[in-house]
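Visitor: Fold the following and give me the result.
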Amino acid sequence: MGLKIYSLTRGSLVVEYLGRVFNARFFLCSKTSRDLDSELQALGLTPELPVALIPVKLIENNLQLIQGVVHYFVNKELLTRIRHEGLLLAMLITGFKQLKDLLNSLREAYNETDKYLLVSATEVYNKPVNCIDYPLGDTDFSRSITGNVKNVAVILDLL
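Guide: Have a look, this model is predicted:
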């Protein structure tokens with residue numbers, strides 16, 4: 001199959017796919033702003049940066065995070081309709097098919113919780129001061145990640 005997924009350190013993920021190696025980082029952060037737009041601006045997130053802010057309320061398990069990141073790495077060259085890399089990553093992680101629905105859910109969930117996950121699919125984004133490395137914990141990387149059917153449907157619709 002050519003897919004290998006593992007974690008070397010707390011908060012990191014390495015994806016090897018067909019001879020290519022991708023790295024992702026996961027941070028658990030405390031809110032510093034009252035609204036999502038101010039938080040995004042404070043984090044310095046831009047459309048070309050593949051970094052997604054996901055309120056913890058929208059994540060059911062770590063496999064959902066891992067699957068979204070793997071789909072991003074494997075399919076990012078094919079997914080050109082969405083030019084905002086962070087939103088594309090957020091769609092693949094959360095399973096929302098429409099940007100409008102994703103944005104509404106992100107705003108609503110951000111207002112309802114004090115914590116969020118920051119998922120970085122790039123090595124050029126450093127850990128913010130209000131964040132700690134997110135432990136992927138006892139995630140069984142050998143389990144089939146295709147069990148999260150909701151997110152598979154999103155990638156199929158986007159391709």
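
Visitor: quick one: buried residues of the longest strand seen in the chain?
Guide: Longest strand in the chain by number of residues (criterion: DSSP state E): strand 20-30. Under the neighbour-count criterion of 16 or more other C-beta atoms under 10 Å, strand 20-30 has 22, 24-29 buried. Placement of C-beta: from N, CA and C, glycine included.

Visitor: strand partners of it, parallel vs antiparallel please.
Guide: Taking DSSP bridges as the criterion, strand 20-30 forms sheet pairs with strand 12-17 (antiparallel), strand 115-120 (antiparallel), strand 131-133 (antiparallel).

Visitor: List the contacts of it.
Guide: Strand 20-30 is contacted from outside by 11-16, 56, 65, 69, 73, 114-121, 123, 125, 127-128, 130-134, 136, using C-beta atoms under 8 Å, 6 or more residues apart in numbering.

Visitor: Narrow those to those that are buried.
Guide: 11-13, 15, 65, 69, 73, 116-121, 125, 128, 130-131, 134, 136.

Visitor: and the next element down the chain from the helix or strand hosting Gln67?
Guide: Gln67 is part of helix 62-75, with elements assigned from DSSP states H and E. Using DSSP H and E, the helix or strand that follows helix 62-75 in sequence is helix 85-94.

Visitor: Now the residue positioned nearest the centre of the chain. Nearest residue, chain neighbours left out?
Guide: Nearest to the geometric centre of the chain sits Val119, at 4.3 Å (C-alpha atoms, centre = their mean). Closest residue to Val119 apart from its sequence neighbours, by C-beta to C-beta, 6 or more residues apart in numbering: Ala52 at 4.8 Å.

Visitor: what's the answer for Lys127, then?
Guide: Using C-beta to C-beta, 6+ apart, the nearest residue to Lys127 is Phe27, at 5.7 Å.

Visitor: I'd like the distance between that neighbour and Gln98.
Guide: Using C-beta to C-beta, to the nearest Å, one obtains 26 Å as the distance from Phe27 to Gln98.
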